[in-house]
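Student: Sequence isn't available, so here's the structure alone:
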């Protein structure tokens, strides 16, 4: 499993494993081989390093290619977004150009009508002057669009530059000159003063702006205020167009909101129009919950959005955050829509979690009520409690508070080494081991302890409010946009699931009320969460008590075994001392036997009776001669006898030679007495 699936490396790995098994594992004599005298593995290990290096290089190239692909995709999306913007701008400019051309023709036709006589009433006020020529399309668009726009613009310009009579503008004012620029320049978005608004004393009646006309001024204007993508007439304009683009400043949004929106848009990396489309089509699969939450947190209020919506003519000069707000401002009731979409995305997870919690709580109630072994545990605790409470006010109780199970360890023994919980665990383990099966019969208690009935009830009520809000949003939106897909399909299915969960919640309430009657507690003061938490605490502490009891029992057994081993060693030591004492006593008996032999020898020679030297010498000679004729019994040394006796004592049984030797020593005095002369014998007697 750990071998790489590589056509070059895989056979080499198998060859290496085969050699290792053949030379190391499969040895009949059980001895590792001497690798100095065995043949070398014929495997090219250098190829592993080369393959690893090639893999690293290919991996780095793959990462670079993936990054380049991602960058290209982002650029493509950005270009697609710009193309859509340019197409919409071209369509708008085409319509505006046609309107300007038509209005110019109407003014020309009205000017060609002859003036009536002075007796007739004066003509009505002249129509307002035509609007300024539309801006040219971006250079990336087709040439036919640009030519059509330039045609309409030139027509409008020719109409405005026609010689006008004094009746066209009030108070003798003349139309302004139509200028021609060589590049696309930025616009000053001011509001034009209409001819009907000009009073005779107005500043604009006698103003003469033609006096400031200058070619150098016009060139600087084109160089300074040309738009991106425009073509300048000189190299200075090209140098200025290559300068770093200045970051637009926020006009309406707060700096904090603008910064947060910019960060969010940078992380999403989706065109603004695409985000608007997804919101309109209500596609939860394309918009994550995090994105919707960020939008809800960072979107400005309705007033700011309305102000930004009025800046359509200044869209190019807006900051990216304000551009996004401008695009999203066309969505009706945006905040309410986003809240409904977020609720729609989170609803499946919320309803599944609530359903699972309710199911665990219902199972927990049923297990506690139907567990026979848990009932036996309560009976045992009640018995021990009534016995200990004899003579007190709690004696002869018919039951006890179920929460007391978590407090059993508070009752300690006299010496403080054992608690009531440890005692219960010991009794259950020794006498009622089957009773411990209540832990397997109440497996859902742990999960039920994490369920809060109040929290579930609050969540269900919050869902009901969200449903009402979604219904109201559906009524208020109106579906004016063709891409709007905000419908009540989700509302119908979600309402059905909500009803099912509500039925389960009522079922849980009924089960808990039955359990409160079963265990005799007040469900209003003793919540379901507290009940299951106490049961979980009792189970966990009972398991800990059983482990501690087993550990204490093991320690006691070790102490008992150590005590028995110590007593056995002391007994062996006493027996060894006793055997040594017996050896010493046996050695003392042998020494006394040697003294008797010396006395007998003195009697035999006559030295014990004080006889003179000749007589003693003669006796010695006579005794030697008599001893030479008779068989003389040799007296062994005490050392040799002691050593043999020690060996016999250590072995536990005397040998045959030692028995014969002792018998010979006992017969020696008779032989010696019989060998004495008669005179000496009488004298001895």
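Tutor: In hand now; what should we look at? Remember, predicted model here, so these are calculated numbers, not experimental data. Residues are numbered from 1 along each chain as shown.

Student: Does anything pack onto the biggest helix by length in the chain? Which helices or strands?
Tutor: Identified as the longest helix of the chain according to DSSP state H is helix 528-605. Other elements packing on helix 528-605 under the criterion 3 or more C-beta pairs under 8 Å, 6 or more residues apart in numbering; DSSP states H and E are helix 334-370, helix 420-430, helix 445-448, helix 489-519, helix 613-629, helix 638-651, helix 656-674. For every residue, glycine as well, the C-beta is placed using N, CA and C.

Student: what is the rounded mean pLDDT of the fifth one?
Tutor: Right, helix 613-629. When pLDDT is averaged over helix 613-629, the result is 49.

Student: And stretch 20-28, by the same measure?
Tutor: Averaging pLDDT along stretch 20-28 yields 66.

Student: try stretch 324-332
Tutor: On average, stretch 324-332 scores 82.

Student: Show residues contacting that stretch.
Tutor: Outside of stretch 324-332, the residues within contact range by C-beta atoms under 8 Å, 6 or more residues apart in numbering are 253, 261, 265, 272-273, 275-276, 279-280, 299-300, 304-306, 308-309, 311-312, 315, 318, 334, 337, 476-478, 480.

Student: List the ones among those that fall in helices.
Tutor: Those of those lying in helices (DSSP H): 261, 265, 272-273, 275-276, 279-280, 304-306, 308-309, 334, 337, 476-477.

Student: Just the buried residues of those.
Tutor: Neighbour counting with 16 or more other C-beta atoms under 10 Å marks 261, 265, 272, 275-276, 279-280, 304-305, 308, 334, 337, 477 as buried within these.

Student: Output those residues in TSV, with distance to residue 18 appended to each entry.
Tutor: Formatted as TSV, those follow (distance: C-beta to C-beta, whole Å):
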residue	distance to residue 18
261	65
265	60
272	64
275	61
276	66
279	64
280	67
304	76
305	75
308	75
334	70
337	68
477	74
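
Student: Which pair of these spans the longest distance?
Tutor: Spanning the widest gap among those are 265 and 477, at 24.8 Å by C-beta to C-beta.

Student: which residues of the stretch 301-450 of the chain score low on pLDDT?
Tutor: Scanning the stretch 301-450 of the chain for pLDDT under 70 picks out nothing.

Student: how does it look with 80?
Tutor: Scanning the stretch 301-450 of the chain with the threshold set as pLDDT under 80 gives 311-312, 314-315, 317, 330, 332-333.

Student: elements contacting the host helix or strand of residue 86?
Tutor: According to DSSP states H and E, residue 86 maps onto helix 46-111. Packing partners of helix 46-111 (3+ C-beta pairs under 8 Å, 6+ apart): helix 9-20, helix 143-160, helix 272-281.

Student: Pick out the shakiest of these, pLDDT-wise.
Tutor: Among the helices and strands packed on helix 46-111, helix 143-160 scores lowest, with a mean of 38.

Student: May I see the buried residues of stretch 533-550?
Tutor: Residues of stretch 533-550 classed as buried under the neighbour-count rule (16+ other C-beta under 10 Å) are 533, 534, 535, 536, 537, 538, 539, 541, 542, 545, 546, 549.

Student: Please name the residues that touch the closest residue to residue 371 other than its chain neighbours.
Tutor: The spatial neighbour of residue 371 that comes closest, neighbours along the chain excluded (C-beta to C-beta, 6 or more residues apart in numbering), is residue 441 at 4.2 Å. Residue 441 is in contact with 367, 370, 371, 372, 373, 374, counting by C-beta under 8 Å, 6+ apart.

Student: Packing partners of whatever helix or strand residue 375 lives in?
Tutor: With secondary structure defined by DSSP H and E, residue 375 is part of helix 372-388. On a contact count with 3+ C-beta pairs under 8 Å, 6+ apart, helix 372-388 meets helix 420-430, helix 438-441.

Student: Show me what the first one is packed against.
Tutor: If I follow you right, that is helix 420-430. Under the contact criterion of 3+ C-beta pairs under 8 Å, 6+ apart, helix 420-430 touches helix 372-388, helix 528-605.

Student: one more time with 6 Å
Tutor: helix 528-605 (3 or more C-beta pairs under 6 Å, 6 or more residues apart in numbering; DSSP states H and E).

Student: and the helix it packs on, what's its mean pLDDT?
Tutor: For helix 528-605, mean pLDDT is 84.

Student: and the angle for it with helix 372-388?
Tutor: 70 degrees (axes from the mean of the first three to the mean of the last three C-alpha atoms, to 10 degrees).

Student: For the nearest residue to residue 307 once chain neighbours are set aside, give its distance to residue 500.
Tutor: Closest residue to residue 307 apart from its sequence neighbours, by C-beta to C-beta, 6+ apart: residue 252 at 5.1 Å. To residue 500, residue 252 is 47 Å away according to C-beta to C-beta, to the nearest Å.

Student: Also residue 330?
Tutor: For residue 330, the distance to residue 500 - C-beta to C-beta - is 39 Å.

Student: again, but for residue 389
Tutor: 48 Å.

Student: got it, and residue 256?
Tutor: 44 Å.

Student: Give the residue from the two that has the larger number of neighbours.
Tutor: Between residue 256 and residue 500, counted using other C-beta atoms under 10 Å, the more crowded position is residue 500 (12 against 9).
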